[in-house]
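Trainee: okay, structure incoming, though there's no sequence with it:
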């Protein structure tokens, strides 16, 4: 990681330091020599251990206005903190500079070529793949990605001597004070839209409002910038066609591929590259990464050689365990389009195996009774399917308790088993053990803290 000049040491305080990106940004700035502190009312793993490793873990949970003083140069406000947060209110009273993390990242990268990866799905994988390729070419670059990636110590990197910044562009809001979607803030020089499927209904209550955020994203592209877009998605195509005349449009489709007993291969008319990743959705992601890397001056021979060793990022069809005839995968899929893509990919990769799929409903959208109908048929390619939700998650989010039969009806799958107790869930999944079986767990949560790694090892012992 490149270091900022020590003469520019800053005093930076994080409100809600425990977030996935927030705690990585805090670590990155600490490693760059800045004086970093923070607070949060709850910090889960791996954030707690990561912060503790660098001496940044707050000694106690909660908000403490006494931590806020005039010697702080910048306060970085996380989305988890509300606008009546006592530390935020103290910072405002003192007239301190308060920024959301997207705004802070933009300010650090405003003189660099900014690549921003947007879309309802595939953002993390595309960003991670580009990072993997750039690193293999020994190119210096800044980055922010929403998951851990092999070969990178943190999910955020900022430096003075890089000319490129690669940011995953989330459409969720920046902070309680900055209500812009994160990807609007970065003002991309190269923007990607990889597909659009309604999500985040707690802040975008109807699909048209959600769709409009991507139109605005395209409009925030810098003058004479480039829009890399998935042309097989009619919604994305429409946005590209309506983009400003000065924007250069670069369409892509699903990359050619085939699979056999020897593996999964990306293919063109004159090239075959064995891949570690698999699935049609990942071949869509590959095409997006290829288009961006071309614009960054990387030739195709170098790109494919590097992409062939890319194993994916954490919780993106991550292989937890493999036996002689069985395998267990963990995926971050939670929105309907992501769930269907992941289930279909595993079913296609293992056509002669039984597929046991388990989805945890964890987000505001997935726990909303009216939104659940969007999941219809998303689990149909599985031989056995389970949907789990934790009643405590509904209580914390102050949402209406779900009815199991209504959940089952929403998925349109008569064989679906709906469970709201994690012990019961894993007991029933264990009853599914047998040879030639593949298990797919999908969640943006943690299945009530269950030790999936140990459980995965047990499943393949059959």
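Mentor: Structure's in. What do you need? Being a predicted model, the structure only gives us computed values, none of them experimental. Numbers count the residues shown, from 1 in each chain.

Trainee: can you tell me what sits against the helix or strand hosting residue 360?
Mentor: Element membership of residue 360 [criterion: DSSP states H and E] is strand 354-361. For strand 354-361, contacts defined as CB atoms under 8 Å, 6 or more residues apart in numbering pick out 333-334, 339, 343, 346-347, 367, 372, 379, 381-390, 402, 407, 425, 429, 432, 434, 436-445, 447. Placement of C-beta: from N, CA and C, glycine included.

Trainee: distance from it to the middle of the chain?
Mentor: Chain-centre distance of strand 354-361: 20 Å, with CA atoms, centre = their mean, to the nearest Å.

Trainee: give me the mean pLDDT for it.
Mentor: Across strand 354-361, pLDDT averages out at 98.

Trainee: ok so, going back, turn the buried ones among the contacts of strand 354-361 into a named ChimeraX selection, would you?
Mentor: The following ChimeraX line selects those of the contacts of strand 354-361 that are buried, judged by 16 or more other CB atoms under 10 Å:
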select :333,334,339,343,346,347,367,372,379,381,382,384,385,386,387,388,389,390,402,407,425,429,437,438,439,440,441,442,443,444,445,447
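
Trainee: keep only those of the contacts of strand 354-361 that are in helices.
Mentor: 339, 343, 346-347, 407, 425, 429 (DSSP state H).

Trainee: pLDDT weak spots in the stretch 251-400 of the chain?
Mentor: Of all residues in the stretch 251-400 of the chain, none has pLDDT under 70.

Trainee: show me the helices in it, by range?
Mentor: Under the criterion DSSP state H, counting those that start in this stretch, the stretch 251-400 of the chain contains helices at 280-295, 300-307, 336-349, 391-396.

Trainee: show me the domain layout of this structure.
Mentor: 6-96, 103-307, 318-459 (automatic domain parsing).

Trainee: who touches residue 188 in this structure?
Mentor: Residue 188 neighbours (CB under 8 Å, 6+ apart): 114-116, 169, 217, 220-222, 225.

Trainee: could you check which helix or strand contains residue 116?
Mentor: Per DSSP H and E: strand 113-118 holds residue 116.

Trainee: give the pairing partners of that strand; include direction for each.
Mentor: Strand pairing for strand 113-118, using DSSP bridges, gives strand 164-168 (parallel), strand 190-193 (parallel).

Trainee: mind checking the pLDDT average for the longest one?
Mentor: Read that as strand 164-168. Per-residue scores along strand 164-168 average to 98.

Trainee: count the neighbours of the closest residue in space to residue 68 that isn't next to it in sequence for me.
Mentor: Computed as CB to CB, 6 or more residues apart in numbering, the closest residue to residue 68 that is not its neighbour in sequence is residue 90, at 4.2 Å. Residue 90 has 18 neighbouring residues, counting by other CB atoms under 10 Å.

Trainee: for the remainder of this discussion, apply numbering that starts at 21.
Mentor: Done: numbering now begins at 21, and the last item shifts to residue 110.

Trainee: correct me if wrong, but residue 110 is in a helix.
Mentor: Yes - Residue 110: assigned to a helix according to DSSP: H, G, I helix; E, B strand; the rest coil.

Trainee: in the stretch 371-482 of the chain, which spans are strands?
Mentor: 374-381, 404-409, 437-439, 457-462 (DSSP state E, counting those that start in this stretch).

Trainee: right, I'll call it a day here.
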